[in-house]
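A.B. asks: A predicted structure for the sequence below; I have some questions about it.
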Amino acid sequence: MRVLFFLIFIGSHFLFGYDFSYCLKHYQMRALKFKDGYATPVLYNGKTYFIYYSKTPILDRAIAKSDPFIGLYLINPKKEVKGYVLRDVDFMAKEYNVALLRFSGFVQTKIISEQRGFLKYGRLDSKTSSNQVVGNICYQIYGITTENGLLTKRYIDRFLSQDKPYYADIGVRLREDTAIIDIIDPFFEENPFLPGDEIVSINNVPITSENIEWEIANLPEKSLARIEVLRSFKNLEKDPKKLEFTIMVRRAYGGLLLQDSFFESQGIKIDNKLNIKKVHHPQVDGLDQLRRGDQILQINKIDVLKMKGDVFRNLKHVLSDALLQKGYIEMLISRDGFQFNIKIQPKNHFNDERLEALKPKAPKKKKEGFILMKEGRKLD
């Protein structure tokens, strides 16, 4: 009899639509007021946790744990309620209407796509704001919203499972939506990679543009990772060569929603005018000469602030190129009206194979012409 009732309920839900007003009341009784919004109670390992999203970092005594990389915060509970069951976005979730619930009301919507990365949120066919919930049954949800889409179970569970936020770093930044290396971190010790390398496997796990972000982020700190890449050689006309490197995994200190300039791993904080705001025990030779209040004027004679586009992205490109071109980084620094140069020498070596890959293609030699004594023309 219960099975028959459930089937009738589900059938009427999908055929005629469902009145989500009861689910709204359910949400209003359980949501926790915090800042300018509401924290959402979710169940994890049988316990209720209140989670809150903010794109910009926040500080508050009520925060028990935070992950500013993706903007999730755990809020100390002020009441006891049963949290929502988090569900993966499946076929049914995308096929039928769901409710987009906020404290003041709800709208019916559809989930168009799943979340594909830490900041590549799931898409709905309705505009979202932060800290709304999305579900189709009152006691379960598919995630909470950001202003750019839906943050789903896999990423929320990862946040709740960690005592402190952790993301791994292998010393590279990728071209968007690919597994191809765009730039390398010059401060990553013995960085073996080159721009243009395509990562094809990590610890024997085949890599695609879909899974690379997740696989890198979850590598254990100080573990040895075996990474296979395909490398093209600029000066040789041949197929890319498969190379394997073993590297020591490092903790990420910037990226995603946090500032990422490569200096973060060295305990150096800078602003968007390249002013040094903090210096704390840099590990790379030469960086210890920097002081709070210094300004970086040039890197290898390039003024980053005069480049178009995002200043920190440009800074990373210039730092990466400087290392690859010279094996060291030279900076022009301004301090109290005085300008001077410092030389940064990261712990990286360049073997013959890397140097060979970096060399530009040699221009093709033109065939020597000859003179045809007919109409006075020279033929090639």
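C.D. replies: Cool, got the structure. None of the values given here were measured: they were computed from a predicted structure. Numbers count the residues shown, from 1 in each chain.
A.B. asks: pLDDT on whatever helix or strand residue 41 lives in, on average?
C.D. replies: Using DSSP states H and E, residue 41 sits in strand 37-44. Throughout strand 37-44, pLDDT has a mean value of 96.
A.B. asks: where do the strands sit along the stretch 251-380 of the chain?
C.D. replies: 268-270, 276-279, 295-299, 329-335, 338-344, 370-372, 377-379 (DSSP state E, counting those that start in this stretch).
A.B. asks: can you put these in a markdown table and add mean pLDDT?
C.D. replies: What follows is those, written out as a markdown table (pLDDT from 0 to 100):
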| stretch | mean pLDDT |
| --- | --- |
| strand 268-270 | 97 |
| strand 276-279 | 96 |
| strand 295-299 | 97 |
| strand 329-335 | 97 |
| strand 338-344 | 96 |
| strand 370-372 | 40 |
| strand 377-379 | 42 |
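A.B. asks: Just say which of those is most tucked in.
C.D. replies: Using mean count of other Cβ atoms under 10 Å, the stretch among the strands of the stretch 251-380 of the chain with the largest mean neighbour count is strand 268-270, at a mean of 21. Where you see a C-beta, it was placed from the backbone N, CA and C, and this is true even at glycine.
A.B. asks: If you count contacts, what does it end up packed against?
C.D. replies: Judged by 3 or more Cβ pairs under 8 Å, 6 or more residues apart in numbering; DSSP states H and E, strand 268-270 is in contact with strand 276-279.
A.B. asks: And residue 34, how far from residue 204?
C.D. replies: Counting by Cβ to Cβ, to the nearest Å, the separation of residue 34 from residue 204 is 43 Å.
A.B. asks: same question, residue 281
C.D. replies: Residue 281 is 36 Å from residue 204, by Cβ to Cβ.
A.B. asks: coming back round to it: looking at the strands of the stretch 251-380 of the chain, which is closest to residue 196?
C.D. replies: strand 329-335 (20.5 Å; Cβ to Cβ).
A.B. asks: Let me see the residues that make contact with the closest one.
C.D. replies: By Cβ atoms under 8 Å, 6 or more residues apart in numbering, the list of residues contacting strand 329-335 from outside reads 186, 286, 289-291, 293-301, 319, 322-323, 339-346.
A.B. asks: quick one: which of residue 34 and residue 204 has more around it?
C.D. replies: residue 34 (21 against 7; other Cβ atoms under 10 Å).
A.B. asks: tell me the contacts of the more buried one?
C.D. replies: Counting by Cβ under 8 Å, 6+ apart, residue 34 has contacts 50, 52, 60, 62, 75.
A.B. asks: switch the cut-off to 6 Å
C.D. replies: By Cβ atoms under 6 Å, 6 or more residues apart in numbering, the contact set of residue 34 is 52, 75.
A.B. asks: If we ignore the residues flanking it in sequence, what's nearest the most centrally placed residue in the chain?
C.D. replies: In the chain, the residue lying closest to the centroid (Cα atoms, centre = their mean) is residue 256, at 4.0 Å. Excluding its sequence neighbours, the residue lying closest to residue 256 (Cβ to Cβ, 6 or more residues apart in numbering) is residue 69, at 4.4 Å.
A.B. asks: per-residue confidence at the one you found?
C.D. replies: On the pLDDT scale, residue 69 is placed at 98.
A.B. asks: quick thing: my sequence starts at 39, can you match it?
C.D. replies: Right, with 39 as the first residue, what we last looked at is residue 107.
A.B. asks: Give me the distance between it and residue 325.
C.D. replies: Shown here: residue 107 relative to residue 325, a distance of 24 Å by Cβ to Cβ.
A.B. asks: Could you look up the SS state of residue 188?
C.D. replies: Following DSSP: H, G, I helix; E, B strand; the rest coil, residue 188 is assigned to strand.
A.B. asks: Tell me who's in contact with it.
C.D. replies: 159-160, 172, 181.
A.B. asks: likewise residue 253?
C.D. replies: Counting by Cβ under 6 Å, 6+ apart, residue 253 touches 240, 243.
A.B. asks: Which phi and psi values does it adopt?
C.D. replies: Taking degrees, to the nearest 10, you get phi -60, psi -40 for the backbone angles of residue 253.
A.B. asks: Could you do residue 322 as well?
C.D. replies: Per-residue torsions, residue 322: phi -90, psi 130 (degrees, to the nearest 10).
A.B. asks: what sits against residue 174?
C.D. replies: Residue 174 sits in contact with residue 136, where contact means Cβ under 6 Å, 6+ apart.
A.B. asks: Next, work out how far apart residue 150 and residue 168 are.
C.D. replies: Residue 150 sits at a distance of 19 Å from residue 168 (criterion: Cβ to Cβ).
A.B. asks: who's more crowded, those two?
C.D. replies: Set residue 150 next to residue 168 and count neighbours by other Cβ under 10 Å: residue 168 wins out with 20 against 13.
A.B. asks: now the more buried one, what's its secondary structure?
C.D. replies: Once three-state DSSP is applied, residue 168 turns out coil.
A.B. asks: Bridging across strands, which residues link to the nearest residue to residue 125 once chain neighbours are set aside?
C.D. replies: Using Cβ to Cβ, 6+ apart and skipping the chain neighbours, the partner closest in space to residue 125 is residue 178 (5.2 Å). Beta-bridge partners recorded for residue 178 (DSSP bridges): residue 123, residue 175.
A.B. asks: how many neighbours does residue 178 have?
C.D. replies: Residues lying near residue 178 (other Cβ under 10 Å) number 13.
A.B. asks: same question, the one 5 residues further on
C.D. replies: In terms of burial, residue 183 registers 25 neighbours under the definition other Cβ under 10 Å.
A.B. asks: what do you get for residue 177?
C.D. replies: 13.
A.B. asks: ok, for it, nearest residue in space, not its chain neighbours?
C.D. replies: Closest residue in space to residue 177, ignoring its immediate chain neighbours: residue 123 at 6.1 Å, by Cβ to Cβ, 6+ apart.
A.B. asks: Many thanks, we can stop here.
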